[in-house]
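Asks: mind looking at a prediction? Sequence and model below.
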Amino acid sequence: QVDAQATRARLGTLDAALARRLADLRSQSDASDAALNAKLDLQTALLRAAQADVQSAQAHLDTLDAALAQGLNTLDSKLQQDIQDLTASVGGLQQQTATLTAQVERLRLDAPAIYRQVKDSVVQVKVTKPTGEATGSGFVYGEDQSIIVTAHHVILDADAPSIRVVTEWGQVFLVTVEASSQEHDVALLRLIEGPLLTTSRLQLGDSDALEVGQPVMLVGAPLGEPGSVTTGIVSALHRTETYEGYTVTDMVQFDAATNRGNSGGPLFNARGEVVGIAVAGVVPTSGTGINFAVPSNSVAVVLASVLR
């Protein structure tokens, strides 16, 4: 009995110790859980703060992207407008440059260069008339180089077989009269023996574009001297003159020296274009420094009737 009681007392002591141990373990577990929960709560709070920061940063980036896109669009639009304005300015400058170049060309006549370019296309026209031998000038025209342009009064009262064309190098060609206009004082001759091959083809300029004061150059055979050059300026426009029994309108007045034999010779502008054909020695109002030419546009009318 004594042993049983001792055993029971011992068991009671063990039970008490075990109970205390269990209580201690429970207390420690509760403390660990509380610490863990607190740590989890802190980490959750930190995570949520980080997420809020990320969202705020993303919103800020979106705002910056939108501002950048708007700025780029504005800059692109401005650049496009600047390019358009610059293109328009360049176009305007190019137009002004072209206008100034044309004005300079009209005012600057390089007589030696033009003469070298046209000399072999200018011919002497010799005509046997009942009153005797007459001379004039003319020039080769046309793609086939078989047409000679001269003045109507040069061949007036002449039969075709008596008309000859003499080149700069002295070659003589017989011609037929292709067309002749008293109204315009223009005659077109056609070479019988084929084309007169020259190194250049003369072009007609627009005589309506002539201006008073513009330089001109006359090439012809005054007094039978072929290849003669004189220069001057346009003195007046749209003159009407009566000579050889008929009236010619819209004539160009110029002051380059002119003599008998120049009639029918080409009058050139600074670009080397034919802007008229000379009328020499037959206009009553002619005098020193006062000479006349049939405008190239009148020549073009007669040419059109033959070359159409």
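Replies: That came through fine.

Asks: number of nearby residues for the residue nearest to residue 181 when sequence neighbours are not counted?
Replies: Leaving aside its sequence neighbours, residue 181 sits nearest to residue 302 (Cβ to Cβ, 6 or more residues apart in numbering; 4.9 Å). No exception for glycine: its C-beta is placed from N, CA and C like everyone else's. Residue 302: 22 surrounding residues under other Cβ atoms under 10 Å.

Asks: same question for residue 95.
Replies: Residues near residue 95, counting by other Cβ under 10 Å: 10.

Asks: make sure it is indeed in a helix.
Replies: Yes. Judged by DSSP: H, G, I helix; E, B strand; the rest coil, residue 95 forms part of a helix.

Asks: tell me the spacing between it and residue 81.
Replies: Between residue 95 and residue 81 the distance, using Cβ to Cβ, to the nearest Å, works out to 21 Å.

Asks: I'd like to know how many residues surround residue 118.
Replies: By the criterion of other Cβ under 10 Å, residue 118 has 24 neighbours.

Asks: which residues does it contact?
Replies: Counting by Cβ atoms under 8 Å, 6 or more residues apart in numbering, residue 118 makes contact with 139, 200, 202, 219, 266, 268, 272.

Asks: including neighbour count, could those go into TSV?
Replies: Converted to TSV, those look like this (neighbours: other Cβ atoms under 10 Å):
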residue	neighbour count
139	24
200	13
202	21
219	26
266	30
268	28
272	20
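
Asks: in which helix or strand would I find the residue nearest to residue 181?
Replies: Per DSSP states H and E: residue 302 is located in helix 296-307.

Asks: packing partners of that helix?
Replies: If you count contacts as 3 or more Cβ pairs under 8 Å, 6 or more residues apart in numbering; DSSP states H and E, helix 296-307 packs onto strand 147-150, strand 172-181, strand 186-191, strand 274-279.

Asks: adding secondary structure, write the contacts of residue 118 out as a markdown table.
Replies: As requested, those are arranged in a markdown table below (three-state DSSP):
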| residue | secondary structure |
| --- | --- |
| 139 | strand |
| 200 | coil |
| 202 | coil |
| 219 | strand |
| 266 | strand |
| 268 | strand |
| 272 | coil |
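
Asks: from the residues you listed, which is closest to residue 157?
Replies: residue 139 (22.4 Å; Cβ to Cβ).

Asks: do you know how far the closest one is from residue 179?
Replies: Taking Cβ to Cβ, one finds residue 139 at 16 Å from residue 179.

Asks: what's the answer for residue 289, then?
Replies: Per Cβ to Cβ, residue 289 is found 33 Å from residue 179.

Asks: check residue 234 too.
Replies: Per Cβ to Cβ, residue 234 is found 27 Å from residue 179.
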